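# Sharing a sequence plus its predicted fold:
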Amino acid sequence: MPTFHQILTLARVPNLPTVWSNVLMAWALAGGGCWLGLCAALSGGTLLYAGGCTLNDACDSRWDRAHKPDRLIPSGAMTERAVWSLGLAEMALGLGLFIVANPASWFLPVCLAVAILAYDFRHKETPWSVVVMGACRALLVLSGAAVAGRVLDWRILTAAAVVWAYIILLSLLARRESRPGGGLLRALRPQWSVGRWVGEMLAAIPLVDAALLIALGTGQACLACVVMGTGGAHGMALICLVLWPLCRLLQRKYAAT
């Protein structure tokens, strides 16, 4: 039976606030709505992300034995079967919660789950897997917007495209995370490795979401308005800003990649 710490380690828990900010950003840009639906979408997105990361370890177990023997499966802390079971259970429950959030928009979370599985199973073999990784985040944004009942809006599509491009850039950088920083990266922060840049860029996803809310949304930056469901996107941007330091705090205890 996996421990709570092992479950959080497999889920890449420092990145979970970035999932919340993606969903919150999309939901607010789409006009908001039922808070119960939002809670179901946040829970569903969290479990889909956790399940995807967990299954990623299961799919990479052979590679990790040669290159990252400290991971849970190569180290013997968890069996490969247990990791598979946990990841599939998280994915199934997450997909179910996302569909419950708005049954009429079931197609988008299903596409999200398929994209996550496609990335997990093929990312080591295909150079274009970074596009699929970006698509996973874009589909998360679209799924979050669908909970509020609106997807085909230029603001939503613009936000999804920006997140997609940002994740592709981050994923390309992550392929070099074991190397020292060079070029522009070295000029900006000589003491940072590529791995440090990847961690900082992951933690900054809520900042991207907040910027999108401010640029594309409407409403006053008022937390009270957000609680009442009438504050619009600018109020939700404040919550996204709070999630950035939370990501960095969690990175001190858990690995983000």
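Arrived safely, thanks for sending.
# which residue ranges form the helices in the stretch 51-200 of the chain?
Applying DSSP state H, counting those that start in this stretch to the stretch 51-200 of the chain gives helices spanning 61-67, 72-75, 80-101, 107-122, 129-147, 154-174, 183-188, 194-203.
# Which residues does the first one contact?
Okay, so that is helix 61-67. 57, 71, 73-74, 80, 83, 124 (CB atoms under 8 Å, 6 or more residues apart in numbering). Any C-beta I mention is one placed from the backbone N, CA and C, and that applies to glycine too.
# now the longest one
The contact list for helix 80-101 (CB under 8 Å, 6+ apart) reads 2, 7, 10-11, 37-38, 40-41, 43-55, 57-58, 61, 72-73, 106, 109-110, 112-113, 116-117, 143, 147.
# Now, of those residues, which are buried?
2, 10-11, 37-38, 40-41, 43-55, 57-58, 61, 72-73, 106, 109, 112-113, 116-117, 143, 147 (16 or more other CB atoms under 10 Å).
# Next one: residue 174 from residue 2, what distance?
Per CB to CB, to the nearest Å, residue 174 is found 25 Å from residue 2.
# from the contacts of helix 61-67, which single one is nearest residue 252?
Residue 252 has its nearest neighbour among these in residue 71, at 19.1 Å by CB to CB.
# State the number of residues packed around the closest one.
By other CB atoms under 10 Å, 20 other residues sit near residue 71.
# can you list the weak-confidence ranges in this structure?
The chain contains residues with pLDDT under 70 at 124-125, 176-190, 218-233.
# Could you tell me the angle between the strand or helix carrying residue 42 and helix 107-122?
Using DSSP states H and E, residue 42 sits in helix 35-59. Counting by axes from the mean of the first three to the mean of the last three CA atoms, to 10 degrees, helix 35-59 lies at 20 degrees to helix 107-122.
# what about the helices of the stretch 51-200 of the chain, which gets the closest to residue 23?
Residue 23 lies closest, by CB to CB, to one member of these: helix 129-147, at 3.8 Å.
# Chain neighbours aside, what residue packs nearest to residue 77?
Distances taken as CB to CB, 6 or more residues apart in numbering put residue 6 closest to residue 77, at 6.6 Å, once the chain neighbours are dropped.
# contact partners of the particular helix or strand that has the one you found in it?
Per DSSP H and E, residue 6 falls inside helix 4-10. Residues from elsewhere that reach helix 4-10 (CB under 8 Å, 6+ apart): 2, 50, 53-54, 57, 72, 77-78, 83, 86-87, 254-255.
# How far does that helix sit from its chain's centre?
The chain centroid and the centroid of helix 4-10 are separated by 17 Å under CA atoms, centre = their mean, to the nearest Å.
# Go through it and flag the buried ones.
6, 8-10.
# where does residue 253 land in three-state SS?
coil (DSSP: H, G, I helix; E, B strand; the rest coil).
# Which residues are in contact with the closest residue to residue 49 other than its chain neighbours?
Closest residue to residue 49 apart from its sequence neighbours, by CB to CB, 6+ apart: residue 19 at 4.8 Å. Residues counted as contacts of residue 19 (CB under 8 Å, 6+ apart) are 42, 45-46, 49, 140.
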